[in-house]
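J.: can you look at this prediction? I've put the sequence above it.
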Amino acid sequence: MTEINLLFSIDDRYVEQFKTTLYSVYLNTPSTLLHVFVLQKQLLEKNAEIEEFCEVLGIIYEPVVIGEKAFEDAPSTDRYPETIYYRLLAHEYLPQDLDRILYLDADILCLNDICPLYEMELGASLYAAASHGSDDNMTDLVNKLRLQNFEAESYYNSGVLLMNLTAIRKEVKREKILEYIAQNSFKLFLPDQDVLNALYGHLTIQIPDELYNYDARYNVLYYARSKGEWDLDWVIENTVFLHFCGRDKPWLTEYHGRYAALYKHYQHRSRKVGR
C-alpha cells in the first residue's frame, strides 16, 4: 500500500474545513495510507476531535506543535495569520526520515486521485506548484518586478505545494527567510506566498493549475482558455484539487459560487464520519 504524507497548517477555527479537505482526499485516493501532519501554534483545543476523525478513517494523524515565538516578528493579519508561515520551515519540525510531503490549504476539495502528483519526479527542485497567472503573463510580470525574482518560471500559488524535503533541508534556512521578511515586509501582499516565490521560485517546478490548483473563482476564464473544453463535467472528471481562493468561501451561507453544492456535499459527508 502506498503511503502519502500530507501537511496542513491550521488553527481551531479551521478544523471543520480541514476535515472536509482531508475527507475528500481520503475518498478519492483509494488503496493508500494517508499520514497527515498538522502544523499548529499550540496543541489545538479540537485535537481530540481530529484524532477521532482520523482513527475512524484509518488515517495516521500527527500534531506538530510549533510553539509561541517561532514567527512572532513576521507580519500577520486576521486573513493571513502566523500559521501561514509554518509551511516555509516545516522541514525543521517534521521527522527527518520523510523525503517528501504534500502541503494543502484547508479551503481545497480533492476530486480525483492525488497519486500522480505525489509521485512525480522532482529532481533537485524544492517544490512543485501551480500558477494562477493570466494568459498574457501580466500577473507574472508584475509579481516578478515586485519581488525581483526574474529567474522564476512563474508566480506560484502556495496552496498546493509538493515539497522535496531532502532538497529543502539543504537549501531553505530560517535565518534567510526571517531576514527577507524583516527587510521586505512592506511589499509582501500574500506574505508566505511572496517569500516562497522571491527566494525559491526559481527552484520550483510548475504544474498545471487546471489539474492541481483550479481557482474556483475563475471558471469562466478556464472555460475560455480551453476553448470550451474545461466545463463542469471536465473539472469533476479531471481536476484533482479545486481551490476556493479569496475571501468568499463555500462554507459561508452567502456563498453562491458554481461549486458551492459540490463543497457542501463533501462537508456534509465529513460531518457524518464516526456518527
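T.: Arrived safely.

J.: give me the contacts around stretch 87-104.
T.: 4-9, 21, 25, 37, 39, 64, 66, 70, 86, 114, 117-118, 122, 158-166, 168-169, 172, 174, 177, 192, 195-196, 241 (CB atoms under 8 Å, 6 or more residues apart in numbering). For glycine as for every other residue, the C-beta is placed from the backbone atoms N, C-alpha and C.

J.: so how far is that stretch from its chain's centroid?
T.: Distance of stretch 87-104 from its chain centroid, counting by CA atoms, centre = their mean, to the nearest Å, is 13 Å.

J.: quick check: buried residues in that stretch?
T.: Across stretch 87-104, burial judged by 16 or more other CB atoms under 10 Å covers 87, 88, 89, 90, 91, 94, 98, 100, 101, 102, 103, 104.

J.: quote the end-to-end distance of it.
T.: 10 Å (CA to CA, to the nearest Å).

J.: swap in stretch 225-233?
T.: End-to-end distance (CA to CA), stretch 225-233: 16 Å.

J.: correct me, but residue 240 touches residue 117?
T.: Yes: the pair residue 240 / residue 117 is scored as a contact, 6.3 Å apart, by CB atoms under 8 Å.

J.: got the contact list for stretch 33-40?
T.: So stretch 33-40 is in contact with 1-11, 18, 22, 25-26, 44, 50, 54, 57-66, 83, 86-87, 90, 93-94, 101, going by CB under 8 Å, 6+ apart.

J.: equivalent analysis for stretch 217-234, please.
T.: Under CB under 8 Å, 6+ apart, the answer for stretch 217-234 is 132, 134-135, 210, 214, 235, 244-246, 248, 257-259.

J.: neighbours around residue 28, how many?
T.: 15 (other CB atoms under 10 Å).

J.: give the contact list for it.
T.: Contacts of residue 28 by CB under 8 Å, 6+ apart are 110, 111, 112, 113, 114.

J.: mind checking pLDDT for the first one?
T.: For residue 110, the pLDDT comes out at 99.
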